[in-house]
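Undergrad: model the following, please.
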Amino acid sequence: QVQLVESGGGLVQAGGSLLLSCSASGRTFSSYAVGWFRQAPGKERETVSTISAPSGTTTYYADSVKGRFTISRDNAKNTVYLQMNSLKVDDTAVYFCAARRSPVSVRASLAYDYWGQGTQVTVSS
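TA: The predicted structure follows:
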């Protein structure tokens, strides 16, 4: 069993930055692919970024965040990060991290087995 806890959300002005962290329990986290997802009020959940395991050689970014967000992982700390720069009002959402029992990262949220509780990111104009 893996438990995930997101942190780092908050209120930031447009153009600012935030670093989200996804901390995991469990010795096998390093072998799990991880994804970041977001959901804004009234909208469907969106895949933001994913990273493969163990070394993170394969990453994916939604077109809406490409060039602004960077995903990375530190297996020694059982943590996956999402560095968010040049934030826009449209980035406002609850951000979730999720892990799947496979080293292969995929976009589909249904493929992920463990989910965190989410962290709110609010970008003001």
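Undergrad: mind checking the SS state of the residue most central in space within the chain?
TA: The centroid of the chain falls nearest to W36 when counting by CA atoms, centre = their mean (2.4 Å). Taking DSSP: H, G, I helix; E, B strand; the rest coil as the rule, one finds W36 in the strand state.
Undergrad: show me what it bridges to in the sheet.
TA: Beta-bridge partners for W36, by DSSP bridges, are S49, C97.
Undergrad: quick one: it and V94 touch, right?
TA: No: using CB atoms under 8 Å, W36 makes no contact with V94, being 11.3 Å away. All C-beta atoms are positioned from the backbone trio N, CA, C, and that covers glycine.
Undergrad: tell me who's in contact with the residue nearest to the centre of the chain.
TA: 20, 22, 47-50, 71, 80, 82, 95-98 (CB atoms under 8 Å, 6 or more residues apart in numbering).
Undergrad: and if we set it to 7 Å?
TA: W36 sits next to 48-49, 71, 82, 95, 97 when contact means CB atoms under 7 Å, 6 or more residues apart in numbering.
Undergrad: ok, now P54?
TA: So P54 contacts 30-31, 75, 103 (CB under 7 Å, 6+ apart).
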